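A.B. asks: here is the input, now give the coordinates:
(chains A and B)
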Amino acid sequence: MSRFDWLSEYLARMQDEMILVRRGSARELAPAHLLEIDAEDWGRAAQLAASLDYRWAGTWGDHRGEQIVLFACLENEGDYLVLRTVVDTATPVLPSHSPWYPAADRPERHLQDLLGVLFSDHLDDRRWTRHQAWSEASYPLRQDYPLAGQPQDETPPDGDYPFTRVLGSGVYEIPVGPVHAGIIEPGHFRFSAVGEEVLRLEQHLGYVHKGIEKLAQGRDPAGLLRLAARVSGDSTVAHSWAACQALERACGCRVPERAQALRGLLCERERVANHLGDIGAICNDVGFAFAIYQCSRLRELWQRRSAELFGHRFMMDLLVPGGIGVDLDQGAIDTLRHDHARLRRESADLFALLDDQPSLEDRLLNTGRLTAETARRFGCSGYVGKASGQAFDVRSANPYAPYDRTPMETPVLEEGDVMARLQIRAREIDASLEWMDRLLQSLPEGPLQADFRCAAAAEGIGFVEGWRGEIITYVRLDEDGRVARFFPRDPSWHSWPALERIVLGNIVPDFPVCNKSVNGSYSGHDL
Amino acid sequence: MGDFLSPAGWLLALVQALLFALGAPLLAGWIKRIKSRLQNRRGPALLQPYRDLYKLLGKKAMVAHSASPLFRAAPYIVFGSTLVAVAAIPLLAVSLPTAAVADMIVLVGFLALARFFLALAGMDVGTAFGGMGASREMLVSALAEPAMLMAVFTLAMSAHSTNLSSVMQFNLESGLILRPSFLFALLGLVLVAIAETGRIPVDNPATHLELTMIHEAMILEYSGRHLALMEWAAQLKLMLYGVLIANLFFPWGIATRLTLPALGIGLLAVFLKLMLLGLLVAVAETVLAKMRLFRAPQYLNLAFLLTLLGLFSHIIMETGT
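C.D. replies: Purely as a prediction, here's the structure:
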């Protein structure tokens, strides 16, 4: 398949629509194709892309003095297209993508809160990330906003978020969170229900906003990676990898093959560990505790091995710009292959047992169904998308090293219910184990790190399939080689809004299992 | 019927009530222990429920600003009425002085009283979870109570009495006869017991998910000694149903005379019976996932149907000549 054979059609249609493409470049943000358009065409370009069924994958902005540069990422057939436009800082108004792409709703509101960009025809002008910690007229991502923030003595309570009310006889609201009874991240859920049936769910997130985008400014590449590893702790390898890719592409650094392969190994290990934990947790949420203890045991053994071989249970801070900070000797490779064989055996037993539980099946089948159409409209990737017929996976659709040399089989299911999301995880564990075995069989020799030299005034973009799905990371370096802009787009931006749809028509007590099957990251989303 | 004025009888009744109150946490601990074993883990010690109760009793009770006096009174009422209910049940011996009030309908009444206040307390503070738990509890109990009464009536029709002590004595005297009506009533009562004590597959006592809770949602706002009493009452109720099932349907071993050896055998028998029941509960909770909430009515309808069948089969097969 030749890449980008659809692009000429898009360009031709743009010409028909009188959308002026100022500049196009295949190199600036490779592997994505960059198109620069006028701000007034911003909405129509999205409308056109939506009519051609392109997937909307994210938006971010970059304040550069007099101007704010805005980006939007689209994907079709595994190829990425980045639209770019420029607005004046004094009048930062442009059309919105949200009328055509529901997934654009929250990212654009995030931009509105942090950069002060106004989307003229946005359907929902409520704040999103902004809580009471900073005032309405100050925009933290603007260059004139201090890096240390503007801390207040006391943050006022955040009680006036205008939730959409559902009116009618017998309709009542259930506020849940932000503090939950279990040890999980904070987030608020507002249910409108009649009896036990959910009529509407509205999320209010942002409670773990850490100012990651602002904190990145002025860091050197090593400092950026320490930050990227902490965007979402359970995806530390994937986020580090995406940041590495962006940095390395910005600086034109070629990473040695052995380092690429080891990065892949770590990322798949992270996937296996998290999927194991999730499978147990989904079963536990319907009262089947046996599974969580078995899965936790397997995951614990797995993570202890990570600690033994790589020095950290979650494999945090192992990736460095230009390579990787750990190596495997032959003994370690044998240990890993032995582990894989054992996990394959034990998980096969366990998954067969889970498949054979009528009471479990009764709870998981048909619960929390996400239709393929909704999944597509929200641009869901990872297990949420793959359980609903969205086959897209960066590793197979746009293979980056080491998946180009060692291809990855990615499963896809059509049912879209909780059971399908559980089965996708089980199959991905199998696929990852098999892939890691193949990788270890022919682990390339060579150096672990390339000489990484920071380029000045460069930008790059990284695309990595983390365990939750596609991660897109944009990095721009300033004239001194320091980070000027860092935006990690976690797949949770797309799965959280999908969850609001998933629970519709389900009963209130089934929400926890629906939520667990989606398992969005609060931290990765709130930034 | 026992001698009303026998001091030994009253003493024994008191001992029996104490045994009930002190043994209930042990049964809960036992089930937890077996469950842990079945899940391949060590699990908490058998005595952990006692430690938890001791800890909670020593802690300050936090009460929400919006709570009315009912919220503070409810734990005592719930615990008190459950304790009175268990005190009347023959645990070691039949024909105790308390047997006079050990009527099955009285028992159901005491339990209903406890539940009434539990549900009120759940709604009192005004949080969404308490109200949700209370409404679910009412849904379950409205369906469980008729089934329980029907099981009671099936037994009563054979024994010609609704008195627990008399039913047990009737069973002892008639020996081991396989009565279809008793079998149906037993099955129905087991289903009711599982629902009423908030076990899997109806409710999950170990969950931390507010939205799925029934019993736990009602006591979510309780802390300290209030919580201890609520938990203890729940453990009592669990043991109550255990003893009810064990002694009504399998009364063998229970003391009919108030002699020390007979009572010793009675204690040992009920201990073993409860251990066995606990084992069965733990196995069931390990192999089953929780039902979807709207399956609970179907489940309880099944219980009702079974007990109704018991009643019919008694009329059809066991009466007349």
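A.B. asks: so how many other residues sit close to residue 51?
C.D. replies: All of this refers to chain A. Using other Cβ atoms under 10 Å in any protein chain shown, A:Ser51 has 10 other residues around it. C-beta coordinates here come from the backbone N, C-alpha and C atoms, glycine included.
A.B. asks: other chain: chain B
C.D. replies: For B:Arg51, the neighbour count with other Cβ under 10 Å is 13.
A.B. asks: check what pLDDT it gets.
C.D. replies: What the model reports as pLDDT for B:Arg51 is 95.
A.B. asks: what sits against it?
C.D. replies: B:Ala45 (Cβ atoms under 8 Å, 6 or more residues apart in numbering or on different chains).
A.B. asks: any buried residues in the strand or helix carrying it, and which?
C.D. replies: Assignment of secondary structure by DSSP states H and E places B:Arg51 within helix B:48-57. Applying a neighbour-count criterion of 16 or more other Cβ atoms under 10 Å in any protein chain shown, the buried positions in helix B:48-57 are B:Pro49, B:Asp52, B:Leu53, B:Leu56.
A.B. asks: in space, what's closest to the second one - neighbours in sequence excluded?
C.D. replies: Read that as B:Asp52. In space, B:Asp52 comes closest to B:Glu231 once its chain neighbours are excluded; the distance is 7.3 Å by Cβ to Cβ, 6 or more residues apart in numbering or on different chains.
A.B. asks: and that neighbour, what does it touch?
C.D. replies: Here B:Glu231 is in contact with B:Asp52, B:Leu53, B:Leu56, B:Ile219 (Cβ under 8 Å, 6+ apart).
A.B. asks: low-confidence stretches in the stretch 101-250 of chain B?
C.D. replies: Within the stretch 101-250 of chain B, no stretch has pLDDT under 70.
A.B. asks: tell me the confidence at the closest residue to chain A within the stretch 151-300 of chain B?
C.D. replies: The minimum distance from the stretch 151-300 of chain B to chain A, using Cβ to the nearest Cβ, falls at B:Lys290 (2.9 Å). Looking at B:Lys290, its pLDDT stands at 88.
A.B. asks: how much space between it and A:Phe191?
C.D. replies: Remark: distance between B:Lys290 and A:Phe191 (Cβ to Cβ, to the nearest Å) = 20 Å.
A.B. asks: so between those two, which is more surrounded?
C.D. replies: Shown here are B:Lys290 and A:Phe191; by other Cβ under 10 Å, B:Lys290 has more neighbours (27 against 20).
A.B. asks: that one contacts A:Cys283, correct?
C.D. replies: No - look at B:Lys290 against A:Cys283 with Cβ atoms under 8 Å: they stay out of range, at 10.5 Å.
A.B. asks: need the residues of the stretch 51-200 of chain A near chain B, please.
C.D. replies: By Cβ under 8 Å from any Cβ of the partner chain, the residues of the stretch 51-200 of chain A that approach chain B are A:Tyr172, A:Glu173, A:Ile174, A:Pro175, A:Val176, A:His180, A:Ala181, A:Gly182, A:Glu196.
A.B. asks: tabulate the residues you listed (CSV), appending secondary structure.
C.D. replies: Shown next, in CSV, are those (DSSP: H, G, I helix; E, B strand; the rest coil):
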residue, secondary structure
A:Tyr172, strand
A:Glu173, strand
A:Ile174, strand
A:Pro175, strand
A:Val176, strand
A:His180, coil
A:Ala181, coil
A:Gly182, coil
A:Glu196, coil
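A.B. asks: closest to B:Ala93 out of those?
C.D. replies: A:Ala181 (43.5 Å; Cβ to Cβ).
A.B. asks: residues touching A:Pro447, list them.
C.D. replies: By Cβ under 8 Å, 6+ apart, the neighbours of A:Pro447 are A:Pro256, A:Arg258, A:Ala259, A:Gly323.
A.B. asks: give the other helices and strands that the helix or strand harbouring A:Glu434 contacts.
C.D. replies: A:Glu434 belongs to helix A:418-441 when elements are defined using DSSP H and E. Here helix A:418-441 touches helix A:257-285, helix A:330-355, helix A:358-364, helix A:382-386, helix A:511-518, going by 3 or more Cβ pairs under 8 Å, 6 or more residues apart in numbering or on different chains; DSSP states H and E.
A.B. asks: closest to B:Leu276 out of those helices?
C.D. replies: Closest approach to B:Leu276 among the helices and strands packed on helix A:418-441 (Cβ to Cβ): helix A:358-364, 23.1 Å.
A.B. asks: now the next helix or strand after that closest one, how far from the chain's geometric center?
C.D. replies: Later in the chain than helix A:358-364, the nearest helix or strand by DSSP H and E is helix A:372-377. A distance of 17 Å separates the centroid of the chain from that of helix A:372-377, by Cα atoms, centre = their mean, to the nearest Å.
A.B. asks: elements contacting helix A:372-377?
C.D. replies: Contacting helix A:372-377 under the criterion 3+ Cβ pairs under 8 Å, 6+ apart are the following elements: helix A:492-502.
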